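Engineer: Build the 3D model from these lines:
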Amino acid sequence: MTTDRRPAHPRHGPHHPTTHTPPRRPGSLRRTSSIDMLRPGGVDGELILSGRARDLLTGPDGRATVVAEAAVHARVDYAGHFALTEIRTTPELPGAQDLLGASVSAGFRSRVGRALPEERERATLTHLLLDDLPGAALVSGYAVGAGNERISKRDTGPYALQQADICSGWRSDGTMLLEIGRTGTMPTVQGPLAPVLEPDDDPWSWHHTGPLPAYGMRRRRRLDLIDGRPLALDVFYRDTHMSPDGVETVIHDYAVDGRIDPATLEILALKAEPRALPWTECPAAAAGAGRLVGRTVDGLRRWVRAELTGTSTCTHLNDALRSVEDVDTLARVLATATAADMDN
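Structural biologist: Residues are numbered from 1 along each chain as shown. Below is the predicted model:
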């Protein structure tokens, strides 16, 4: 059996991925989500995006209560401008069918907001998954590169020019663009092995995810909101890839720690820690998280999309920062549960 464990690129980014999931804290709400990026017809075929999400409340006594669950199944014509050809949601939302034919890339999130305004306003799990589809579709391109020994100069050149300077990893004077200019091919990321996140002693730590097939990818997110003054925020996201011989490696791994005023929902502190990233230039984007301090979480998705752009940012870290807007809804759920416990 052959192995997909290529040597790491000499200019790779940090290789210290998250090794565990912290214990659930009494008086906390944990939101987890995952999107599997699958190519059952081969790496050059259509893309299946299969997402699941769950909100889990942990009471003062440590008891776990499922608050909400959701799932999204999407089929994308990857070679046809990322066109969405099938969409199913659980719970079923008829408005989701209005997304058919849309490109799961630029402009898709705005279209989700127009098609399903109540889901967006309520910061539901379904909205979280739909909002994350463009990022997952973008990341899924890694499997295409990993499944082909070389990407032709004809294909790589125009794409590289379109992506230049959109983020720290794609900066014009950075590792990726310089190597594309020198060789005409995309350098392949070889990340560290992916540690298991689920602790043996807590079956409630994450919602269930099955095994990934060869060339499958998975995006996982976790947001812990812990009751207190201030509210404590613990955010994690990770993108991984499964090789043909069953080796799962990490492409992106970030942790974000924050504090939020429970009365005003002002962000009092926020720090991003890059743990595993493709290139040596990528970690510079972590400093951008500090720009959210002093803002309230209201409208954060729109603000991040408009303000955190260019070579000082990371597209995928931005996705994690945008999700902090959901604290508005999650804090109300947590406060209601805390008040109910005090009355009992």
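Engineer: Which parts of the stretch 51-200 of the chain are strands?
Structural biologist: 64-77, 83-90 (DSSP state E, counting those that start in this stretch).
Engineer: One more: the stretch 201-344 of the chain?
Structural biologist: Under DSSP E, counting those that start in this stretch, the stretch 201-344 of the chain gives strands at 217-226, 231-242, 248-260, 267-276.
Engineer: low-confidence ranges in the stretch 201-344 of the chain?
Structural biologist: 341-344 (pLDDT under 70).
Engineer: Output the longest helix belonging to this protein.
Structural biologist: Assignment by DSSP state H gives helix 327-343 as the longest helix of the chain.
Engineer: Now do the contacts for the closest residue to residue 205 other than its chain neighbours.
Structural biologist: In this structure, residue 205 finds its nearest non-sequential neighbour in residue 21, 5.0 Å apart by CB to CB, 6 or more residues apart in numbering. Any C-beta I mention is one placed from the backbone N, CA and C, and that applies to glycine too. Residue 21 is in contact with 197, 198, 199, 205, 206, 222, 236, counting by CB atoms under 8 Å, 6 or more residues apart in numbering.
Engineer: go on, residue 64?
Structural biologist: 24, 56, 57, 58, 204.
Engineer: repeat that for 7 Å
Structural biologist: 56, 58, 204 (CB atoms under 7 Å, 6 or more residues apart in numbering).
Engineer: Next: residue 8.
Structural biologist: residue 190.
Engineer: how would you label it: helix, strand or coil?
Structural biologist: Here residue 8 is coil, with the state taken from DSSP: H, G, I helix; E, B strand; the rest coil.
Engineer: ok, so what distance separates it from residue 318?
Structural biologist: Counting by CB to CB, to the nearest Å, the gap from residue 8 to residue 318 is 25 Å.
Engineer: One more: residue 91?
Structural biologist: 28 Å.
Engineer: Please compare these two by neighbour count and tell me which comes out ahead.
Structural biologist: Neighbour tally, residue 91 and residue 318, criterion other CB atoms under 10 Å: the higher count belongs to residue 318, 21 against 12.
Engineer: picking that back up, out of the contacts of residue 64, which is most surrounded?
Structural biologist: Neighbour max across the contacts of residue 64 (other CB under 10 Å) = residue 58, 23 neighbours.
Engineer: For residue 331, see how far away it is.
Structural biologist: Counting by CB to CB - residue 58 and residue 331 are separated by 15 Å.
Engineer: And for residue 89?
Structural biologist: Residue 89 is 25 Å from residue 331, by CB to CB.
Engineer: Have a look at those two and say which one is more surrounded.
Structural biologist: Neighbour tally, residue 89 and residue 331, criterion other CB under 10 Å: the higher count belongs to residue 89, 23 against 19.
Engineer: contacting residues around that one?
Structural biologist: Residue 89 neighbours (CB under 7 Å, 6+ apart): 72, 96, 126.
Engineer: Report pLDDT for it.
Structural biologist: Residue 89 is assigned a pLDDT of 98 by the prediction.
Engineer: just to revisit the earlier point, between the contacts of residue 89, which is nearest residue 186?
Structural biologist: Nearest to residue 186 out of these is residue 72 (CB to CB; 28.9 Å).
Engineer: how far away is the closest one from residue 133?
Structural biologist: With CB to CB as the criterion, residue 72 and residue 133 are 8 Å apart.
Engineer: that older thread, what about the residue nearest to residue 205, is that helix, strand or coil?
Structural biologist: coil.
Engineer: roughly how far apart are it and residue 325?
Structural biologist: On the measure of CB to CB, residue 21 and residue 325 end up 23 Å apart.
Engineer: same deal with residue 67?
Structural biologist: Taken as CB to CB, the span from residue 67 to residue 325 is 18 Å.
Engineer: Show me which of those two is the more surrounded one.
Structural biologist: residue 325 (21 against 16).
Engineer: what residues are up against the more buried one?
Structural biologist: So residue 325 contacts 123, 297, 300, 301 (CB under 7 Å, 6+ apart).
Engineer: Now the terminal residues of stretch 180-193, how far apart.
Structural biologist: 26 Å (CA to CA, to the nearest Å).
Engineer: Pull out the buried positions in it.
Structural biologist: 180, 184, 185, 186, 187, 188, 189, 190, 191, 192 (16 or more other CB atoms under 10 Å).
Engineer: Format those residues as TSV; extra columns: pLDDT.
Structural biologist: Below are these laid out as TSV (pLDDT from 0 to 100):
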residue	pLDDT
180	84
184	79
185	78
186	78
187	81
188	79
189	83
190	88
191	93
192	96
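Engineer: low-scoring stretches of the stretch 51-200 of the chain, by residue?
Structural biologist: For the stretch 51-200 of the chain (pLDDT under 70), the answer is 148-161.
Engineer: switch the cut-off to 90
Structural biologist: 78-81, 94, 106, 141-190 (pLDDT under 90).
Engineer: Could you pull up the residues touching residue 216?
Structural biologist: Listed by CB under 7 Å, 6+ apart, the contact set of residue 216 reads 36, 37, 38, 242.
Engineer: quick one: secondary structure of the second one?
Structural biologist: Each residue gets one of three states, and residue 37 gets strand by three-state DSSP.
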